[in-house]
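Engineer: Structure, please.
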Amino acid sequence: MAGKLDGKVAIITGASSGIGEATAFALAAEGAKVAIAARRAELLHALAKRIEASGGQALPIVTDITDESQVNHLVQKTKVELGHVDILVNNAGIGVFGAIDTGNPADWRRAFDVNVLGVLYAIHAVLPLLKAQKSGHIVNISSVDGRIAQSGAVVYSAAKSGVNALSEALRQEVSLDNIRVTIIEPGLVDTPFNDLISDPITKQLSKEQLSTITPLQSEDIARAIIYAVTQPDHVNVNEILIRPTAEDN
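Structural biologist: Numbering: from 1, shown residues only. Prediction:
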C-alpha cells in the first residue's frame, strides 16, 4: 500500500530522541526518505538502523544546529544523497527555565542559539531548494509557552514566541512560491526534554504534572505533523496547538 509521502524527502532536526525520533519514524512509515540530524551520533545511527529495519530509508547526519556551516552541510548532503528536499521539521530545541534574577546569561544565549538561530539557519539553507522546485513544507516545533508566557519560563517563552513570529512572517514571504509553513505548539509532552531541565523547581513541577495527568506522547505530536504535511497542496495548516486533555494552563 502506497504511503502518503512516497517520493518525498524530509529533514528532521533533533531526531535522536523524543518528538524528533517519533516524527522520523512517522514520516518514514508514510514513505518519505528521512535525513535525521542531531548531535548524538550513537543514538542517531541506532535510529537509522531501526527505521531501515522497518522498511524505511534513513540518512543520519550528525549536526549541531547552532553551527551554521554544519546546518548548510546537512541540507546539501541530503540533496546529494537523497535527491531533493520537500519537508523540513525544525524540532531541535532546549528549555531554559527559572527566574531571571537567578538565571545565567550564558544559558539564555544558548537557548536563543538553539531555539531561534538554529531554526533560522535551517530555513535559510533549505529555502533556495524549495523555491527552485516551487514546493515544500517547513514545520517549526514551538510550544504552548510561545503562545502564553509562563512565570518561570521567561527565556523559553521569549524564544518560542520568536519561533511563532518568524513562522508567520515566513509564511507570508513564501506563500506565492507554493511553500507551506506550520507551527506545532505542544503542551506537556512526556519526553527526555523534561529530564534536561536544569532549574530544580521547574524540574520538580514538571515531574508533578507528569504524575498527575496523562501527558502527550511524542507520537501524538508526530501524528499532528503527519496531518499537516499530508494535506492537499492548496491547504496550509498554519498552526496546531495541542495539549493533554487534563492540562489546565
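
Engineer: which strand is the longest one in this protein?
Structural biologist: Longest strand in the chain, counting residues (DSSP state E): strand 179-186.

Engineer: Surely residue 224 is in contact with residue 184?
Structural biologist: Yes. Contact status for residue 224 versus residue 184: in contact at 5.7 Å, counting by C-beta atoms under 8 Å. The C-beta positions use only the backbone N, C-alpha and C, and glycine is treated the same way.

Engineer: Return the list of helices and strands in contact with the longest strand of the chain.
Structural biologist: For strand 179-186, the packing partners by 3 or more C-beta pairs under 8 Å, 6 or more residues apart in numbering; DSSP states H and E come out as helix 118-133, strand 136-141, helix 144-147, helix 154-174, helix 218-229, strand 239-242.

Engineer: That one: partners in the sheet, and parallel or antiparallel?
Structural biologist: strand 136-141 (parallel), strand 239-242 (parallel) (DSSP bridges).

Engineer: Mind picking out the helix or strand in this structure with the poorest mean pLDDT?
Structural biologist: In the chain, no helix or strand scores lower on mean pLDDT, DSSP states H and E than helix 200-212, which sits at a mean of 64.

Engineer: tell me the contacts of residue 28?
Structural biologist: Residue 28 makes contacts with 34, 51, 54, 56-58, as judged by C-beta atoms under 8 Å, 6 or more residues apart in numbering.

Engineer: Out of those residues, the closest to residue 115 would be?
Structural biologist: residue 34 (22.1 Å; C-beta to C-beta).

Engineer: what's the most buried one of the strands paired with strand 179-186?
Structural biologist: Between the strands paired with strand 179-186, strand 136-141 has the highest mean count of neighbours, a mean of 25, where neighbours are mean count of other C-beta atoms under 10 Å.
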